[in-house]
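> here's my sequence, what's the structure:
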Amino acid sequence: MNEEAGTPPRQGFWTYTRIALAALAFVAVVLAVSTWRRAPQMPAAAKDSLPPSVLDAELRALDGAAFRLSDYKDRVVVLDIWATWCGPCRLEIPHLVRLSEEYGPRGVEVIGLSIEDPVSAAGAVRDFAREFRINYRLGWAEQRWTNALTRGAGTIPQTFVIGRGGRRLLHLQGYTPQISATLREAIDRALAEGT
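Modelled structure (predicted):
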């Protein structure tokens, strides 16, 4: 009714408190959805051949030696694009060290390419490699080459499983605690296919 009759005015459903709570809930849902990642799958579209500009480009190893991905055409390659300052990369590297130990004798080559400057960051990468006991080949990812490989996606880490003959079998962006299982599944499939 009204104030003259002694009854308080009726409040609508959307009070300031309810608006604030709804806004907080909306923000929480947006944050949860934006950070949640499905376990990566190996869609058929990801099983494509890498272009010659990626496979045959000359890359530089940490020790200065030149190499190409095509040098490993008879092996399965796990390729990681990373940096020493990248927190998710630091979480991923112990998994790659174990994969290199386990799968190296079976024809799998793990390669880590840092996006850092090869001149100014060489010492930091060497120190990082010792600290993390990296047992696989390290080198440098030149930006144009990285853009061609990643199709312009700029996040790191980015990890690929490349089958024999240069076919991209898996492309992961970012870190997930399930990375070992996901990479093992792709590597096992690549070894079983023989390509």
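> let me know the pLDDT of R144.
With respect to pLDDT, R144 scores 86.
> for it, give its distance to G104.
30 Å (CB to CB, to the nearest Å). All C-beta atoms are positioned from the backbone trio N, CA, C, and that covers glycine.
> the more surrounded of those two?
G104 (14 against 10; other CB atoms under 10 Å).
> nearest spatial neighbour of the more buried one, skipping sequence neighbours?
V110 (7.4 Å; CB to CB, 6 or more residues apart in numbering).
> break this protein down into its structural domains.
Here the domain parsing of the chain from automatic domain parsing is 3-35, 44-193.
> how far does the longest one sit from its chain's centre?
Mean-position distance between domain 44-193 and its chain equals 10 Å (CA atoms, centre = their mean, to the nearest Å).
> wait, Y103 touches D188, no?
No - applying CB atoms under 8 Å, one finds Y103 not in contact with D188, separated by 9.0 Å.
> which of those two has more neighbours?
Counting neighbours by other CB under 10 Å for Y103 and for D188 shows that Y103 has the greater number, 20 against 14.
> buried residues in the one helix or strand that one maps to?
If you go by DSSP states H and E, Y103 is part of helix 87-103. By 16 or more other CB atoms under 10 Å, the buried positions in helix 87-103 come out as P88, C89, R90, E92, I93, H95, L96, V97, L99, S100, Y103.
> which other helices and strands contact that helix?
strand 76-82, strand 108-114, helix 179-193 (3 or more CB pairs under 8 Å, 6 or more residues apart in numbering; DSSP states H and E).
> for A20, find the nearest of these.
Shortest distance between A20 and the helices and strands packed on helix 87-103, using CB to CB, is found for helix 179-193: 38.6 Å.
> give me the helices and strands touching that closest one, please.
Contact here means 3+ CB pairs under 8 Å, 6+ apart; on that basis helix 179-193 packs against strand 76-82, helix 87-103, strand 158-163, strand 167-173.
> tilt between the second one and helix 179-193?
Think helix 87-103. Helix 87-103 and helix 179-193 are oriented at 40 degrees to each other (axes from the mean of the first three to the mean of the last three CA atoms, to 10 degrees).
> quick one: helix 87-103 to strand 108-114, angle?
160 degrees.
> do the same with the first one
Orientation note: strand 76-82 sits at an angle of 20 degrees relative to strand 108-114 (the same axes, to 10 degrees).
> listing partners with orientation, what would you give for strand 76-82?
Strand 76-82 sits in its sheet next to strand 108-114 (parallel), strand 158-163 (antiparallel), going by DSSP bridges.
> redo those strands as TSV? Include distance to A83, mean neighbour count and mean pLDDT.
Output for those, formatted as TSV (distance: least, CB to CB, whole Å; neighbours: other CB atoms under 10 Å; pLDDT from 0 to 100):
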stretch	distance to A83	mean neighbour count	mean pLDDT
strand 108-114	6	24	97
strand 158-163	11	24	94
